[in-house]
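> Turn this into a structure:
(one chain, ligands or ions: 1)
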Amino acid sequence: MERLDLNEISAPTASAAGLPLEIASIYRNIIGNMYLSPKVIRFLIFKECVDKLSCETYRQYMERLRGNSFSNKEWKDACRTSRQVLETDRNPDKLDVTDLSCLLENILVLRENNGTRDFSEVLNKVRVVKNLRNEIMHKFEAMVDPRKFIDLTAALLELIREAGRFYSLLPAEVEAEEKVLNSEIANLLVIDKTSLFYCCSRLAMFGKQAVRLLWEARLTSEVLILSNVKVQRQAVFHALELMVRASAGGKVIPYTEIFETSEKFLVVTGVAGAGKTTLVQNIVLHFFELQEGDADYLRPISQVVLFECRDRYSETLSDVIEQHFEDLCSDFGNKIVLKALLRLDVLFIIDGFDEVHDISLKVVAEILAKTWRSNCRVLITTRPHGLKKLQPILLSKNCCFSEFEIMPLAKLEDQLAFLRRYEESLSEFSQVGEMARSFSSLKEDVRSLFTEPINLMHFCDVYKYMPEKIPSWQTPGDVARDILSLYKRLVEIKLLDSNYCDSEDMIEDLFAVIGSTALELLHNNIVTLSEENCQYLKRQCKLVLKRANTTCKIDPEIVLSVVLKMCRPLSGKRFVSYSFPHKTVQEMFAAESIVRRIQDSGDSINTILGNMSKKIAQNGDRDSSFAPLKRTEQNSEQRHPLQP
Ligand SMILES: Nc1ncnc2c1ncn2[C@@H]1O[C@H](COP(=O)(O)OP(=O)(O)OP(=O)(O)O)[C@@H](O)[C@H]1O
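Down below sits the predicted model:
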């Protein structure tokens with residue numbers, strides 16, 4: 001049985017000690033499924049595969065039995081999620097119940113050519129063990145139920161006896177196997193705190209709570225991009241549809257069905273603002289509700305780990321694990337917790353692969369390398385262009401994946417349903433239905449611009465702050481122009497609040513500075529600003545304000561608080577950072593900056609971007625205001641520097 005180094009763990013926490021019955025049941029059920037069941041099925045595998053050569057992988061062995069090679073499709077259909085381990089492994093030691101039962105079933109079927117052996121009873125008994133595994137590992141109620149362990153051990157003893165009958169073993173051999181099993185069962189009356197399974201048990205018991213603590217408050221509500229109004233994410237969530245790419249020929253499915261595919265790796269693509277991040281955040285929230293009976297599609301998932309590729313602080317997977325399971329990591333150490341996690345059915349979510357940088361790429365690579373042979377699943381979201389970089393990485397790590405694309409909200413009825421949810425949640429819209437009505441009055445070609453949630457969100461903002469603009473929209477270009485002027489209007493309102501009236505030129509200059517910053521950041525693939533980055537931007541704005549020579553004193557923070565939002569760190573050990581309210585907003589500012597430069601200098605986009613690259617290459621990180629975030633000690637007080 002797998003043991004921990006005693007030096008690696010400290011005493012259990014009081015909470016574990018306070019729940020001895022539950023933890024004891026979980027511990028036994030975990031050992032039953034992760035150790036005893038594989039051991040018994042392996043006993044049958046050894047009997048069945050006496051002619052297997054040690055140098056053969058299981059795929060090669062099966063191909064020898066059937067006399068020819070499997071096509072890729074045949075292999076996938078025969079072995080589903082186990083196909084990669086069975087393709088590479090040569091002995092059954094590292095295979096779990098799912099892999100072992102799949103292997104045994106395939107071999108029995110392959111050998112059955114002359115119909116002389118009736119193996120249906122053996123298979124039935126293996127299936128009982130496998131089903132118990134799935135029930136226990138996927139349902140917390142089953143995992144804490146001590147009767148499940150009794151059922152499992154009875155099923156395992158039955159399986160040994162059936163093996164005796166099927167392989168005509170000597171009674172002494174069967175009895176010896178039963179005796180070993182019974183004594184291992186008896187040993188489980190005492191919890192071995194040095195066993196990896198104990199760490200798995202603690203994770204099963206407390207892991208979800210820890211993840212909930214980290215994410216729930218962050219994800220439950222959404223602050224709307226411009227209005228600073230909070231809505232409940234699940235109340236406004238519009239269930240998106242996804243298109244299955246490649247072999248499935250463009251079938252459209254509800255997002256909850258993506259987990260039904262046999263691939264462990266799921267890639268969800270979507271254009272800017274299509275709703276990728278919102279989708280995964282909604283999935284995480286659903287995961288917390290599992291106990292209440294909702295979200296059955298997440299049943300097979302026992303833990304969730306969410307990693308955002310824009311994260312510039314987590315250097316290893318171990319850092320990510322520590323953020324999620326801080327207490328368990330301090331009891332067992334990060335490495336052990338990660339090792340235990342990989343034995344459970346974890347869903348790793350990697351959000352925004354298109355934003356990946358050198359540091360986060362290492363974390364992504366580690367997740368892929370460590371999960372491909374486990375029962376974990378990995379859901380990755382990316383804008384479509386990120387796929388070019390992602391695909392070769394997935395293939396090099398042996399990760400077969402299914403690809404899904406978020407469908408645009410093309411039908412008017414869907415767009416209206418989307419808007420109505422927000423309208424109903426925003427109490428400030430006194431007359432619910434008015435915003436949707438205003439939307440339906442748009443010209444068809446203008447309306448067809450609003451196929452992504454982010455655009456509908458912008459519609460909500462324009463409707464709130466500049467409803468008079470909407471009837472004048474004739475072309476898609478009119479909409480884009482007004483969304484940016486909306487930001488200018490908001491800054492203007494803020495400045496008016498500070499008694500500053502003559503602001504038009506100055507706002508243009510401020511936006512030029514912000515736009516050029518947004519562009520430089522994007523050029524470096526940076527969507528998260530450090531406090532230093534922010535201070536730099538503030539200094540630039542101060543220069544503009546100084547040049548404007550105003551009589552009243554204006555704090556640049558007033559302006560920046562409209563265009564940047566604070567991102568709270570995931571753990572107290574990390575630092576506050578800032579970002580534009582949405583990447584698409586940063587892109588709008590950057591795009592305007594390019595247009596301004598083209599108008600001023602007549603240069604092409606390529607020349608402008610080429611000059612930026614040259615400047616960065618000449619200066620290196622030394623002078624770049626947007627070098628990767630630095631690890632500096634942070635003030636304990638996390639004040640938004642943009643908020644006076
Ligand atoms: N399914 C949805 N239901 C309700 N609102 C949504 C939904 N999807 C997205 N939104 C709204 O649209 C905004 C943009 O969506 P989101 O950030 O999820 O897009 P994205 O595809 O991750 O964008 P990007 O590629 O630019 O990072 C969200 O902040 C949210 O307000």
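
> which helix is the longest one in this structure?
Ranked by number of residues, the top helix in the chain under DSSP state H is helix 196-220.

> Check which residues of that helix are buried.
196-208, 210-211, 214-215, 219 (16 or more other Cβ atoms under 10 Å). Using the backbone N, CA and C atoms, a C-beta is placed for each residue, glycine as well.

> how far is that helix from where the chain is centred?
15 Å (Cα atoms, centre = their mean, to the nearest Å).

> Show me the contact partners of the following helix or strand past that helix.
Next helix or strand after helix 196-220 toward the C-terminus (DSSP states H and E): strand 221-223. Strand 221-223 has contacts (Cβ atoms under 8 Å, 6 or more residues apart in numbering) with 229, 230, 231, 232, 233, 236, 278, 565.

> Any idea how many residues pack against the residue of the chain found nearest the ligand?
The chain approaches the ligand most closely through residue 275 (2.7 Å), counting by Cβ to the nearest ligand atom. Residues within reach of residue 275, counting by other Cβ atoms under 10 Å, total 25.

> Who are the contact partners of the residue lying closest to it once chain neighbours are set aside?
Residue nearest to residue 275 in three dimensions, not counting chain neighbours: residue 453, with 4.6 Å by Cβ to Cβ, 6 or more residues apart in numbering. Each residue near residue 453 by Cβ under 8 Å, 6+ apart is listed here: 238, 273, 274, 275, 278, 409, 418.

> again, but for residue 242
By Cβ under 8 Å, 6+ apart, the neighbours of residue 242 are 252, 253, 254, 255, 258, 268, 404, 405, 406, 407.

> Likewise for residue 509?
Neighbouring residues of residue 509 by Cβ under 8 Å, 6+ apart: 544, 547, 548.

> One more: residue 257?
Counted by Cβ under 8 Å, 6+ apart, residue 257 has contacts residue 297.

> still on that earlier bit, dump the contacts of residue 242 to TSV, plus secondary structure, pLDDT and neighbour count.
TSV is the format used below for those (DSSP: H, G, I helix; E, B strand; the rest coil; pLDDT from 0 to 100; neighbours: other Cβ atoms under 10 Å):
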residue	secondary structure	pLDDT	neighbour count
252	strand	92	13
253	strand	93	16
254	strand	94	11
255	helix	94	20
258	helix	94	21
268	strand	97	25
404	strand	96	27
405	strand	95	19
406	strand	96	22
407	coil	95	18
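
> Which parts of the stretch 351-500 of the chain are helices?
Along the stretch 351-500 of the chain, counting by DSSP state H, counting those that start in this stretch, helices occupy 358-371, 387-396, 412-425, 434-440, 444-447, 453-465, 476-497.

> Tell me which of the ones you listed sits most buried.
Ranked by mean neighbour count under mean count of other Cβ atoms under 10 Å, the helices of the stretch 351-500 of the chain are led by helix 453-465, which reaches a mean of 21.

> Output that one as CSV, nothing but the C-alphas.
Only the C-alpha atoms of helix 453-465 are listed here, as CSV (Å, rounded to 0.1, in the frame of the first residue of the first chain):
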residue,chain,number,x,y,z
PRO,A,453,-22.7,38.1,-24.6
ILE,A,454,-20.1,40.9,-24.2
ASN,A,455,-21.8,42.9,-27.0
LEU,A,456,-25.2,42.5,-25.3
MET,A,457,-23.6,43.6,-22.1
HIS,A,458,-22.4,46.7,-23.9
PHE,A,459,-25.9,47.3,-25.2
CYS,A,460,-27.1,47.2,-21.5
ASP,A,461,-24.6,49.9,-20.7
VAL,A,462,-25.4,52.1,-23.6
TYR,A,463,-29.1,51.7,-22.9
LYS,A,464,-28.4,52.8,-19.3
TYR,A,465,-26.2,55.8,-20.0
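
> quick one: it to helix 412-425, angle?
Angle between the axes of helix 453-465 and helix 412-425 is 50 degrees (criterion: axes from the mean of the first three to the mean of the last three Cα atoms, to 10 degrees).

> Thanks a lot, see you next time.
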